[in-house]
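Asks: the sequence isn't on hand, but the structure is:
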């Protein structure tokens, strides 16, 4: 947290940093849902860097980039989700893929 605080306070691009922080408050990952320990901050900083890079960009690009981020995959439980066809072919069972991520994108992250 100290590194992030110093970067945000001393950065030349204050507007970018503030927009990135606001986006990070909207497109959250829940640390308690993630198996990475909170002291391993590199993964969280990498996730936050998405917002810094795209602060003045397209919202769709941000959604696309966080969709491929491992923290979001684990937070919204689509990391090990398999399609119904895959489960039928491999295990002969009828099951449905986890749709939590799609629901979250539609309900929380878009209007």
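Replies: Sure, I can see it. Not measured: the values here are computed from a predicted model.

Asks: mind listing the helices for the chain?
Replies: 2-10, 14-26, 42-53, 59-67, 70-75, 84-91, 100-104 (DSSP state H).

Asks: remind me which residues of the chain are low pLDDT?
Replies: For the chain, the stretches with pLDDT under 70 are 1, 32-33, 37-39, 76-84, 95-99, 111.

Asks: what's the closest non-adjacent residue to the residue minimising distance to the centre of it?
Replies: What sits nearest the mean C-alpha location of the chain, by CA atoms, centre = their mean, is residue 72, with 3.5 Å. Nearest residue to residue 72 in three dimensions, chain neighbours excluded: residue 66, at 5.0 Å (CB to CB, 6 or more residues apart in numbering). For the C-beta atoms, the positions are set from N, CA and C on the backbone; glycine is no exception.

Asks: report how many residues lie close to the one you found.
Replies: 22 (other CB atoms under 10 Å).

Asks: same question, residue 51
Replies: So residue 51, with other CB under 10 Å, has 23 neighbours.

Asks: thought residue 61 was touching it, still the case?
Replies: No: using CB atoms under 8 Å, residue 51 makes no contact with residue 61, being 11.2 Å away.

Asks: thinking again about what came up before, dump the residue contacts of the residue nearest to residue 72.
Replies: Shown in contact with residue 66 (CB atoms under 8 Å, 6 or more residues apart in numbering): 27, 47, 50, 72.

Asks: these two touch, right, the last one and residue 29?
Replies: Okay, so that is residue 72. Yes: counting by CB under 8 Å, residue 72 touches residue 29, with 5.9 Å between them.

Asks: overlap of the contact sets of the two?
Replies: Joint contacts of residue 72 and residue 29 (CB under 8 Å, 6+ apart) are residue 47.

Asks: how close does the residue nearest to residue 72 sit to residue 90?
Replies: Look at residue 66 and residue 90: by CB to CB, to the nearest Å, they are 29 Å apart.

Asks: likewise residue 74?
Replies: Plainly put, residue 74 is 22 Å away from residue 90 if you go by CB to CB.

Asks: coming back round to it: what's the closest of the helices of the chain to residue 34?
Replies: With CB to CB, the closest approach to residue 34 among the helices of the chain belongs to helix 70-75: 5.0 Å.
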